[in-house]
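Asker: mind looking at a prediction? Sequence and model below.
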Amino acid sequence: MNNKAAILFTICFLSFSSSFSQTIYSSIKNYTVFYGSAKRNKTDWFAIRRFENSGKTYLLLVDPDELETKIDEAALYNLSPMTMVQARLYYYKSTYEKALRTAEQQSKSIQDAGIQSGMPKETGISLTADLCPSSRPLDRRIFTDIFQQFQKVEQPVPVALSITGIWMRDHQPDLAWLKELQLKNQVIITWINHSYNHRVSRTLPLKDNFLLEPGTDINFEVLGTEQAMLKNGLLPSVFFRFPGLVSDQQLIYKITDFGLIPIGSDAWLAKGQQPQSGSIVLIHGNGNEPIGVNDFINLLKSKTKSIAKKQWLIYDLRESVENEFEGSNP
Ligand SMILES: [Zn+2]
């Protein structure tokens, strides 16, 4: 291959891999939890799931330092299967393992456990918008306003969306619209697992509510959502957000045992919590909490000058968590 051909090949390959997250896996079989080191070209990925699709075996892989994920064919990797205990020792010094440990240490409160903020030294926030089941359409103002404010400053704008299986099932046109924004490079979306059913009761106390409700099939809530994401062409991230932000210690350990990092929030805007530098802001994108979205839009307006000077930005959740834990030793 001459130089020109090599460059062309590289460009084609890169553009193929960057659009890889939109690949649709429509006939998934044997979707299982699988842990191990997956090495290729000196890069050591952490495999957390394995599945088959149209006769090929695939892995869901995590970069233990950058916290990025990807799906790739298992045959391309040198695999060393591990138990989760072995894996956590093997990756002990990684950002990923530090984030899991921190989430476990912050696991006792019934509400808002897990990682609540990232890099406090930066001015700006990470935005998370939850897509809980809802009969209302997507609150598109979030995305159109962000795009308007940031188009000259930061593109694509990183947002993290916590998505449920039920929302994906019931909101196909909205989902297609979000994917199009991503294809047009206006936003880059980190998809957070927010459970499949997101059950909630108006009467039960928190300790028996949401995923703590008796009879909850946590396997399906986690793995069913991931499979629904893959069938819809969404790439699962390494993050999980508890419905209602409600969990107990046992549930936190169940989630970290799936290899996922629980993400809380220190600024649920509709509850009047004020965002600070490095906050993980929570709003609802499912149309059920317009007050929070209004607050967010007002926040953006109040920062217009700082945004224009690049002094206030929206940060990628993966980078925020990575920067919070890299080099630290919690
Ligand atoms: Zn929710």
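Answerer: That came through, no problem.
Asker: so who does the residue in the stretch 1-150 of the chain that the ion sits nearest to touch?
Answerer: Of all residues in the stretch 1-150 of the chain, residue 132 sits closest to the ion, at 3.3 Å by C-beta to the ion. Every C-beta, even on glycine, is put in place using the N, C-alpha and C of the backbone. Contact analysis of residue 132 by C-beta atoms under 8 Å, 6 or more residues apart in numbering lists 164, 167, 194, 198, 243, 284, 286, 288.
Asker: and the gap between the fifth one and the ion?
Answerer: By that I understand residue 243. Counting by C-beta to the ion, to the nearest Å, the gap from residue 243 to the ion is 5 Å.
Asker: tally of neighbours for that residue?
Answerer: When neighbours are counted by other C-beta atoms under 10 Å, residue 243 registers 23.
Asker: now do the same contact list for it.
Answerer: The neighbourhood of residue 243, defined by C-beta under 8 Å, 6+ apart, consists of 132, 164, 194, 195, 198, 199, 200, 210, 211.
Asker: go through those and flag which are in strands.
Answerer: Within the contacts of residue 243, no residue falls in strands by DSSP state E.
Asker: how about residue 80, nearest residue that isn't a chain neighbour?
Answerer: residue 37 (4.7 Å; C-beta to C-beta, 6 or more residues apart in numbering).
Asker: now swap in residue 221 and tell me
Answerer: residue 195 (4.3 Å).
Asker: quick one, phi/psi of the one you found?
Answerer: Main-chain dihedrals, residue 195, degrees, to the nearest 10: phi 80, psi 160.
Asker: tell me how many other residues crowd residue 290.
Answerer: Residue 290: 14 surrounding residues under other C-beta under 10 Å.
Asker: contacts for stretch 68-84?
Answerer: Contact partners of stretch 68-84, identified using C-beta under 8 Å, 6+ apart, comprise 17, 20-21, 23, 25, 34-40, 45, 47, 50, 56-63, 90, 230, 235-238, 257, 259, 318.
Asker: residue 213: what's it in contact with?
Answerer: Contacts of residue 213 (C-beta under 8 Å, 6+ apart): 199, 201, 204.
Asker: go on, residue 152?
Answerer: Neighbouring residues of residue 152 by C-beta under 8 Å, 6+ apart: residue 308.
Asker: start to end distance for stretch 178-190?
Answerer: Terminal residues of stretch 178-190 lie 12 Å apart, using C-alpha to C-alpha, to the nearest Å.
Asker: contact partners of it?
Answerer: If you take C-beta under 8 Å, 6+ apart as the criterion, stretch 178-190 is touched by 19, 21-22, 138, 143, 146-147, 151, 155-161, 233-234, 237, 239, 316-318.
Asker: if anything else comes up later, I'll come back, but that's it for now.
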